[in-house]
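sequence unknown, structure follows:
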């Protein structure tokens, strides 16, 4: 397993941007896929975006396609989530997670990720 720490959350107006970072410890980080999930108060945790270990494949929830971009720098053991054109409905705690989904269809499922960060709050005001 790897240890993950998210950062970069905050308060932003609708239409603004934030970049979240997920810093990992562990020499095997480059072998893990990484996903971002978010959870709003009273709601279940939802998939946002994911990236394969080599960065060759990325996956996005329909609600963020065209607005969010996931990327990774394995040399720095960090994954980023660039969030543009933010909306009030993006308000949530954002978590990054590392895992080894067995095939592409599994990247969307929280159960396929073994290690989770503590989360960072994103609040978008209208």
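Cool, the structure landed. Note that the coordinates shown come from a computational prediction; the quantities given were computed from them, not determined experimentally. Numbers count the residues shown, from 1 in each chain.

Please look at residue 99 and residue 31 and confirm they touch.
No - taking C-beta atoms under 8 Å as the definition, residue 99 is not a contact partner of residue 31, at 10.6 Å. Where C-beta positions appear, they are placed from N, C-alpha and C, glycine not excepted.

so what's residue 68 closest to, chain neighbours aside?
Excluding the flanking residues, the one nearest residue 68 by C-beta to C-beta, 6 or more residues apart in numbering is residue 83, at 5.1 Å.

For residue 96, which non-adjacent residue is spatially closest?
Counting by C-beta to C-beta, 6+ apart, the residue nearest residue 96 is residue 22, at 3.4 Å.

Which residues are in contact with the residue nearest to residue 68?
Residues counted as contacts of residue 83 (C-beta atoms under 8 Å, 6 or more residues apart in numbering) are 17, 18, 19, 20, 64, 67, 68, 90, 122.

For the fifth one, give me its contacts.
Under the criterion of C-beta under 8 Å, 6+ apart, the neighbours of residue 64 are 48, 49, 83, 90.

what do you get if the cut-off is 6 Å, keeping everything else the same?
Residues near residue 64 by C-beta atoms under 6 Å, 6 or more residues apart in numbering: residue 48.

How many neighbouring residues does the closest residue to residue 32 other than its chain neighbours have?
Closest residue to residue 32 apart from its sequence neighbours, by C-beta to C-beta, 6+ apart: residue 98 at 4.1 Å. Counted with other C-beta atoms under 10 Å, the neighbours of residue 98 add up to 25.

Over to the one 4 residues further on?
Residue neighbour count, defined by other C-beta under 10 Å, stands at 9 for residue 102.

related to what we said a few turns ago, just say helix, strand or coil for the residue nearest to residue 96.
State at residue 22, reduced to three classes by DSSP: H, G, I helix; E, B strand; the rest coil: strand.
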